[in-house]
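Enquirer: Predicted model follows, preceded by the sequence.
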There are 2 protein chains.
Amino acid sequence: MLAAQSDVQQDTPEVRVTEWRLAPGAATGHHTHGMDYVIVPVTTSAMTIVAPDGSRSISNIVAGKSYFRKAGVEHDVLNETDKEIVFLEVEIKQK
Amino acid sequence: MLAAQSDVQQDTPEVRVTEWRLAPGAATGHHTHGMDYVIVPVTTSAMTIVAPDGSRSISNIVAGKSYFRKAGVEHDVLNETDKEIVFLEVEIKQK
């Protein structure tokens, strides 16, 4: 499986902002979110989400339409489409 | 001066995410940021920034390229271009 590409745009005492780029066929790999986070989609895309039990679902994201999740979310994210998926992850550091 | 349009996408104990849309000729109005914040540009645009002393500068923003600022920033933001400017503001709430 092709690895997603990540670029840390900001890393301050308050936040970390990471740009994620998933080429067709790429995956983030299974991971657990250690911080609360906001996702800001840059592309309008269909992401494949694989839960810890292996079940799969499609999450439709829309450019510029954010969502928030609490720490503890655990999943793999795949691009099974034929176009690049790009989003920014804004992680909120505990103070 | 035309008012910028804002849409609060998320408002949780941790963050507030606001989408800002500035039509040509629109302005946010003079304001002081009460929270640390991340800006995620949705459009690639040239924003006009007016400082408290009235001095003006151009800030070039690029879609998907974030920046972080601490609370206390004070300015007006204008769209003096002929295309809409759109960005998301992610404000980090103190815990």
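Expert: Right, received. Where do you want to start? Residues are numbered from 1 along each chain as shown, chains lettered A, B, ... in the order given.
Enquirer: From here on, just use CA atoms for contacts and neighbour counts.
Expert: Fine.
Enquirer: any idea how far B:S57 is from A:A46?
Expert: When Cα to Cα, to the nearest Å is the yardstick, A:A46 and B:S57 sit 39 Å from each other.
Enquirer: Give me the neighbour count for the residue lying closest to A:E14 once chain neighbours are set aside.
Expert: The shortest distance from A:E14 to any non-neighbouring residue, by Cα to Cα, 6 or more residues apart in numbering or on different chains, is to A:K93 (5.3 Å). A total of 17 residues lie near A:K93 under the criterion other Cα atoms under 10 Å in any protein chain shown.
Enquirer: ok, now which ones touch A:K93?
Expert: When contacts are counted by Cα atoms under 8 Å, 6 or more residues apart in numbering or on different chains, A:K93 is found next to A:P13, A:E14, A:V15, A:R16, A:M35, A:D36.
Enquirer: Please repeat the previous calculation with a cut-off of 7 Å.
Expert: Applying Cα atoms under 7 Å, 6 or more residues apart in numbering or on different chains to A:K93 gives the contacts A:E14, A:V15, A:M35.
Enquirer: Where does the prediction get shaky in chain A?
Expert: Low-confidence segments of chain A, defined by pLDDT under 70, span residues A:95.
Enquirer: interface residues of chain A facing chain B?
Expert: A:Q9, A:V42, A:G64, A:S66 (Cα under 7 Å from any Cα of the partner chain).
Enquirer: So which of these belong to strands?
Expert: A:Q9 (DSSP state E).
Enquirer: What number of residues are in the vicinity of A:P41?
Expert: Using other Cα under 10 Å, A:P41 is surrounded by 25 other residues.
Enquirer: How about it: what's its closest non-neighbour residue?
Expert: For A:P41, the nearest residue in space outside its immediate sequence neighbours is A:F87; the separation is 4.2 Å by Cα to Cα, 6+ apart.
Enquirer: all helices for chain A, in order.
Expert: Counting by DSSP state H, no segments of chain A form helices.
Enquirer: A:K70 and A:V38 touch, don't they?
Expert: No: A:K70 is not in contact with A:V38 according to Cα atoms under 7 Å; the separation is 8.9 Å.
Enquirer: higher neighbour count, the two?
Expert: Comparing A:K70 with A:V38 by neighbour count (other Cα under 10 Å), the higher total belongs to A:V38, at 22 against 14.
Enquirer: beta partners of the more buried one?
Expert: According to DSSP bridges, A:F68, A:V90 are recorded as the beta-bridge partners of A:V38.
Enquirer: Can you report how many residues neighbour the residue lying closest to A:K70 once chain neighbours are set aside?
Expert: Distances taken as Cα to Cα, 6+ apart place A:D36 nearest to A:K70, at 4.3 Å, with adjacent residues excluded. Other residues within reach of A:D36, judged by other Cα under 10 Å, total 18.
Enquirer: Then A:D11?
Expert: 14.
Enquirer: before we move on, what about A:L78?
Expert: Residues within reach of A:L78, counting by other Cα under 10 Å, total 27.
Enquirer: Good, we can wrap up now.
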